[in-house]
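> Please find the sequence and the predicted model below.
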Amino acid sequence: MRLRIHENGIRTIVEESIQKSLTACLQCSKCGGGCAHVDEFDLSPRQVIEYLLDCLDEQVLDSRTIWLCGKNCTECEVICPVGLPLNGIMVTLREEATRRGVEPKYEQPSLIYHKFEHCSKHRREGEEG
Amino acid sequence: MSKKTLVIGGGIAGITAAQKIAQNGGDVILIEKEDALGGNFAKLTYTFPVLGDAKALVSQEVQKVQTTPSIEILTNTTLTACQGSVGDFSVELKTLSGTRQEIVGAIIVAAGFHYMEPTAYTEYSYGRSPKVVTSLEFEKMAAENRLPQGNVRVVFVHCVGSRDKAKGYVYCSKICCSYSAKHAIMMKKANPQSKSYVFYIDIRALGKGYEEFIRSAMEEHNVRYIRGRVAKVLESEGKLLVRAEDSLMGNPVEVEADLVVLASAMEPPVGSRDLAAMLGIATDEYGFFQDVESNVRPCHSSKPGIFLAGSCTQPMEIASAVAMGGLSASEALAVTR
Ligand SMILES: Cc1cc2nc3c(=O)[nH]c(=O)nc-3n(C[C@H](O)[C@H](O)[C@H](O)COP(=O)(O)OP(=O)(O)OC[C@H]3O[C@@H](n4cnc5c(N)ncnc54)[C@H](O)[C@@H]3O)c2cc1C
Ligand code: SF4
Ligand code: SF4
Ligand code: SF4
């Protein structure tokens, strides 16, 4: 499938939320190499950034990755050579997806994330999982 | 006006500068803070892109300066003070036998580079596992015939400390792509049973024959190049596990290894800012010595009569250090004769 590249998309919202430009990304893929959840992802974190840069928003918002990225995980941010907060990016993307009525995709792992998002009773459990 | 030139640093850049000045009738005092000449070149085993014999090449050059009467070599010596201006600098040198005053007409700074200790890279197990070494340590292992034997896997990691705003330097160290290929080839030659992997971001082959050299690592020596910056090196039960994302597939990969070699950054020489302050010349944001104009005056420091040569200005290979040594020599001659 050929994708049409353009210039207007949720990239701006994401960049505002993290207060950094995605152009800082060195395209090195170190982030995905160390991620504990990457086996469950359909897009690697680096691919999420690449899609965002070219404003291919649907690919990102329809991905499983944005839902399966670990809660409060900083694993890739601490090793990223430019310190891009991938986790914060995913939070913004989930918010944006929800706003647009995209169904969350939690296929592979437990439903802990889902519970965590919707029920405070499971908050502790979610964090531990 | 003094006809002498002071050269600071006895690496290949300083040695070349001293030789060229002497060849053209000038007098030189060459100071080196260590007890021998040769600098980092003398720590290498082979050189890219033709696998030259490093020890033979450098000792030939060292010998030339040692046998030139118009070059006075002072090892274990540093500069402790500098006053005056072009044509008439009065300098104080601290040698093993005490301090010494000299008047020189020009000064060439050839203080070289320091190799970064990648201790901040805990994710690569550096300092924790003896099987994770730097490229400079790999050179030493090769010289001492200590490269791993038998059916082993060796992983070379690019851009450690370079191209890393968070824990190292923003700049690219320019030559680690080339010397990592050299190391992979050396590994294969020393142990044909071994298998080498190189993890890269982009391959930068910035010199004549470099691209061909790196291609030969892949095509003739069967070195596997994988695009993706290594994320982690884990050690368990005596083996190393290297994790990365193969970014051409967008998929995480891992490879078990017996040795991991980190191509660390070339950084400014230790004490470069102090030396610059003593000389009254500028350094850049990292501490490398700064030229006044990098296109046509790469050897001119910010002060007339003080010139720069070699890897104290930026990461560079031997050939460029030699070229800069020659250029700084002719600039020094122009103000001392
Ligand atoms: C692992 C590795 C592999 C490499 N392989 C290759 C290769 O295959 N081919 C290639 O072309 N290049 C290679 N290089 C690069 C090569 O080492 C450099 O290009 C070369 O050493 C630069 O020479 P230089 O004279 O500028 O600096 P240096 O070699 O660093 O010499 C500087 C000298 O100045 C002295 N000094 C420093 N400060 C002072 C002071 N204040 N007072 C007095 N003396 C001082 C130092 O002790 C040193 O002797 C490699 C580098 C590394 C790290
Ligand atoms: S580790 Fe950082 S710089 Fe490298 S690809 Fe990931 S986000 Fe970009
Ligand atoms: S923040 Fe998300 S992408 Fe980064 S390591 Fe954690 S789970 Fe993986
Ligand atoms: S020369 Fe190659 S390995 Fe070294 S910093 Fe530049 S890109 Fe990385």
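On my side now, so go ahead. Ligands and ions are numbered 1, 2, ... in the order given.
> Next, the contact list for the residue in the stretch 201-337 of chain B that ligand 3 sits nearest to, please.
Nearest to ligand 3 in the stretch 201-337 of chain B, going by CB to the nearest ligand atom, is B:Ala231, at a distance of 9.0 Å. Where C-beta positions appear, they are placed from N, C-alpha and C, glycine not excepted. Taking CB atoms under 8 Å, 6 or more residues apart in numbering or on different chains, we find B:Ala231 in contact with A:30-35, A:76, A:79, B:123, B:243-245.
> what does B:Ala13 give?
Neighbouring residues of B:Ala13 by CB under 8 Å, 6+ apart: B:39, B:110, B:112, B:309-312, B:321-322, B:324-325, B:328.
> and those residues as TSV, adding pLDDT and distance to B:Pro298?
Shown next, in TSV, are these (pLDDT from 0 to 100; distance: CB to CB, whole Å):
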residue	pLDDT	distance to B:Pro298
B:Gly39	98	19
B:Ala110	98	13
B:Gly112	98	16
B:Ala309	98	9
B:Gly310	98	11
B:Ser311	98	13
B:Cys312	98	12
B:Ala321	98	12
B:Val322	98	13
B:Met324	98	7
B:Gly325	98	12
B:Ser328	98	9
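> How about B:Glu331: what's its closest non-neighbour residue?
In space, B:Glu331 comes closest to B:Phe307 once its chain neighbours are excluded; the distance is 4.9 Å by CB to CB, 6 or more residues apart in numbering or on different chains.
> right, I mislabeled it, should have said A:Val38
Among residues not flanking A:Val38 along the chain, B:Pro252 sits closest, at 4.9 Å (CB to CB, 6+ apart).
> Could you grab the helix/strand/coil label for the one you found?
Following DSSP: H, G, I helix; E, B strand; the rest coil, B:Pro252 is assigned to strand.
> Run through the bridge partners of it.
Beta bridges link B:Pro252 to B:Glu245, judged by DSSP bridges.
> isn't it right up against B:Ala244?
Yes - using CB atoms under 8 Å, B:Pro252 is in contact with B:Ala244, at 7.4 Å.
> If you count surrounding residues, which of these two has more?
Just comparing B:Pro252 and B:Ala244: by other CB atoms under 10 Å in any protein chain shown the higher neighbour count belongs to B:Ala244, 27 against 20.
> now that one: how far from ligand 4?
Per CB to the nearest ligand atom, to the nearest Å, B:Ala244 is found 14 Å from ligand 4.
> try B:Ser194
21 Å.
> hang on, the earlier thing: tell me the confidence at the residue of the stretch 201-337 of chain B closest to ligand 3?
In this model, B:Ala231 is scored at 98, pLDDT.
> which residues does the spatially most central residue of chain B contact?
By CA atoms, centre = their mean, chain B has its centre lying nearest to B:Phe113, at 5.3 Å. Neighbour list for B:Phe113: B:40, B:266-269, B:311-312, B:315 [criterion: CB under 8 Å, 6+ apart].
> quick one on the thing from earlier: with respect to pLDDT, which of the contacts of B:Ala231 ranks lowest?
By pLDDT, A:Gly34 ranks lowest within those, coming in at 92.
> For chain B, which residues are neighbours of chain A?
By CB under 8 Å from any CB of the partner chain, the residues of chain B that approach chain A are B:123, B:159, B:163-168, B:201, B:227-232, B:243-247, B:250-253.
> hmm, back to that, could you report the separation of the residue nearest to the centre of chain B from ligand 3?
Distance, B:Phe113 to ligand 3, using CB to the nearest ligand atom: 34 Å.
> in the chain, what spans have low per-residue confidence?
Picking chain A for this. For chain A, the stretches with pLDDT under 70 are A:107-129.
> which helices and strands does the biggest helix by length in it pack with?
Using DSSP state H, we find that the single longest helix of chain A is helix A:86-99. In terms of contacts (3 or more CB pairs under 8 Å, 6 or more residues apart in numbering or on different chains; DSSP states H and E), helix A:86-99 is packed against helix A:11-18, helix A:45-53, helix A:57-61, helix A:65-68, helix A:75-79.
> Number of residues surrounding residue 53?
Since no chain was named, I'll use chain A. A:Leu53 has 17 neighbours, counted by other CB under 10 Å.
> The chain in question should be chain B.
B:Asp53: 13 neighbours (other CB under 10 Å).
> what's near enough to touch it?
Taking CB under 8 Å, 6+ apart, we find B:Asp53 in contact with B:Tyr46.
> And it, how far from B:Thr45?
Computed as CB to CB, to the nearest Å, the B:Asp53 to B:Thr45 distance reads 8 Å.
> And B:Ala120, by the same measure?
According to CB to CB, B:Ala120 and B:Thr45 sit 27 Å apart.
> Tell me which of these two has more neighbours.
Using other CB under 10 Å as the criterion, B:Ala120 and B:Thr45 rank with B:Thr45 on top: 19 against 16.
> I figured that one hits B:Ala142, correct?
Yes - between B:Thr45 and B:Ala142 there is a contact under CB under 8 Å: 4.4 Å.
> Give me the common contacts of these two.
Contact with both B:Thr45 and B:Ala142 is made by residues B:Met186, according to CB under 8 Å, 6+ apart.
> what's the neighbour count on A:Cys25?
Residues near A:Cys25, counting by other CB under 10 Å, number 21.
> Touching, it and A:Gln47? I think so.
No - contact criterion CB under 8 Å: A:Cys25 and A:Gln47 do not qualify, at 11.2 Å.
> How about the contacts made by the residue nearest the centre of chain A?
For chain A, the residue nearest the mean C-alpha position is A:Met90 (2.8 Å; CA atoms, centre = their mean). By CB under 8 Å, 6+ apart, the contact set of A:Met90 is A:48, A:65-66, A:69.
> Can you name the residues of the stretch 51-200 of chain B that neighbour ligand 1?
Residues of the stretch 51-200 of chain B lying close to ligand 1 (CB under 6 Å from any ligand atom) are B:78, B:110-113, B:115, B:135-136, B:139, B:175, B:179, B:182.
> among these, which ones are buried?
Buried by 16 or more other CB atoms under 10 Å in any protein chain shown: B:78, B:110-113, B:115, B:135-136, B:139, B:175, B:179, B:182, out of those.
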